[in-house]
Structure formats: structure tokens, C-alpha cells
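Peer 1: here is the input, now give the coordinates:
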Amino acid sequence: MPNATWIDSGKTDAPTKTDLALGWIKRNRETVIGLVVIILAVGIFGIYFYIHYRDLRETAWKNLFIAQQTGYGGNAPQAQTMLTDVETTYAKTTAAPYATLTKGDLLFEDGKFAEAAGQYAKLTAGPANLAPFALYNLGKCKEAQGDLAGAQAQYADMLAKHPEHFMAPEAHYALGYTQDLAGAKDLAKTTYEKIVLLYPDTSWATQAKARLTAGEQKAPVKK
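Peer 2: Down below sits the predicted model:
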């Protein structure tokens, strides 16, 4: 049944949804104006924050690039300061974890393996695209420090969590190599054979075959 307001207007046809909506707006004008103002304000602030974050992100990546160029150009101490600034000032951007990874790489190149491991450890749980590198690099740090058991554990952890990663063949080889160095010849042989089976057309398979051949040549002749 048409409402009283519609009948009082002198119209006899049933009101349409549009008519009802317009009638509600007229009766609640202040509420509607308030809602429109809020929606406009949210839209304006959304656009502002999007532009602000975009500019912030671009600045972060620019500063990261400059820091990397500084570090790989030979001035590691200054680069570390610049990278720390990216981590803290632009912590909410995607550039920040790359700054951490770069800090680890520069420390590793400088022979500061324990400090490099500290940086890599920050990334092992994420972001997902950097975690495999962090896990593998932690293994390299332990290997460089002579902790062969620790290195094997890291390589095995990386392979367990990221078996399809493009660095998996290299991690397999690093695992086999450290097993070899630790004297676990049978484990190393198994790992090298797995590389040849899983990645037959790679340079890692070629190196694994060479290791297997060398192992056979060194093996004592059974009488």
C-alpha cells in the first residue's frame, strides 16, 4: 500500500523504487549530506595516501639503488649506513627487506660471516621471494666459518621449504659438497646422484658427475 506521504502528494499510482528513494533522501537530507561528505573525504584521503605511498616507495628504491652502487663500488661502510636508513625510514615499503639482504651480501664479501648471517636470519621467514636466498646464504656463512654440519642443515632446510626454487640445484650441490668435506662420502654420493637425476642438463649436474668420477677414482680397490 502506498505510504501516506505519497497519497498526500496527489499521485494515485504506486511509487517506484526511485520515487521512494528520492522521498527518503528529502526526508533525511542532513543525513545524506553527511554521508556524502564522509565518502568524499575517504576518497580524497585514499588518493592522498596512495600517491604518498607511491612516492615513498619510489624514493626508497632509488635510495636502495644508490646504496648498492656505493657498496659494490667499494665503500661498504657508507653503504651500510645508507641501507640502514632505507630499512628504518622506509620500513613499510618493499625496498626495506632488499636493503637487509644487501647488507648481508656486503658483509659476506667483507669476510664478516657472523654479521652477514645475522642479516640473512632476519629474512628466513619472509618475504617469500627472499626467504630462499636468505636460507641458502645462511648456509654459505656457516660453510665459510667451518661449521659444515650447520651448513648442511641450512641447505637441507632451504631444499625442504623451497624444493622447486631455481636455486635448488645449487643448494643440492652445496649440500653434497659440504657432506664431502665433512667425510660423509656415502651421503655426498647420494646427493650428487640426485643432482644428475633431477637436473641432468645443468652445470650442477656436470660438476656432480665430476665429483662422482673423482670419488670412484679415489675409492680403494676391494680385494
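Peer 1: so for Val42, what's the pLDDT?
Peer 2: Val42 carries a pLDDT value of 57.
Peer 1: equivalent analysis for the one 3 residues further on, please.
Peer 2: Phe45 is assigned a pLDDT of 49 by the prediction.
Peer 1: Lys189 now?
Peer 2: Among the per-residue scores, Lys189 holds a pLDDT of 96.
Peer 1: with Thr102 instead?
Peer 2: Among the per-residue scores, Thr102 holds a pLDDT of 97.
Peer 1: buried set for the helix or strand harbouring it?
Peer 2: Here Thr102, judged by DSSP states H and E, is contained in helix 95-109. Residues 95-108 are the ones in helix 95-109 that count as buried (16 or more other C-beta atoms under 10 Å). To be clear about C-beta, it is placed using only N, CA and C from the backbone, and glycine gets the same treatment.
Peer 1: quick one: low-confidence parts of this structure?
Peer 2: Low-confidence segments of the chain, defined by pLDDT under 70: 1-15, 17-30, 32, 34-55, 217-223.
Peer 1: quick one, domains of it?
Peer 2: 17-110, 121-217 (automatic domain parsing).
Peer 1: can I get the buried residues of helix 95-109 in a markdown table with distance to Thr202?
Peer 2: As requested, those are exported to a markdown table (distance: C-beta to C-beta, whole Å):
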| residue | distance to Thr202 |
| --- | --- |
| Ala95 | 32 |
| Ala96 | 33 |
| Pro97 | 28 |
| Tyr98 | 27 |
| Ala99 | 31 |
| Thr100 | 29 |
| Leu101 | 24 |
| Thr102 | 27 |
| Lys103 | 30 |
| Gly104 | 26 |
| Asp105 | 24 |
| Leu106 | 28 |
| Leu107 | 29 |
| Phe108 | 24 |
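Peer 1: out of the residues you listed, which comes closest to Met82?
Peer 2: Closest to Met82 out of the buried residues of helix 95-109 is Ala99 (8.5 Å), distances taken as C-beta to C-beta.
Peer 1: how about the closest one, what does it touch?
Peer 2: 64, 67, 83-84, 86-87 (C-beta atoms under 8 Å, 6 or more residues apart in numbering).
Peer 1: how about a cut-off of 6 Å?
Peer 2: 64, 83, 86-87 (C-beta atoms under 6 Å, 6 or more residues apart in numbering).
Peer 1: show only the entries of those residues found in helices.
Peer 2: Among those, the members falling in helices (DSSP state H) are 64, 83, 86-87.
Peer 1: skipping adjacent residues, who's closest to Gln179 in space?
Peer 2: Sequence neighbours aside, Ala188 is the residue nearest to Gln179 in space, at 4.0 Å (criterion: C-beta to C-beta, 6 or more residues apart in numbering).
Peer 1: distance of the one you found from Ala208?
Peer 2: Here Ala188 is placed at a distance of 10 Å from Ala208 (C-beta to C-beta, to the nearest Å).
Peer 1: comparing those two, which residue is more hemmed in?
Peer 2: Comparing Ala188 with Ala208 by other C-beta atoms under 10 Å, the one with more neighbours is Ala208, at 28 against 22.
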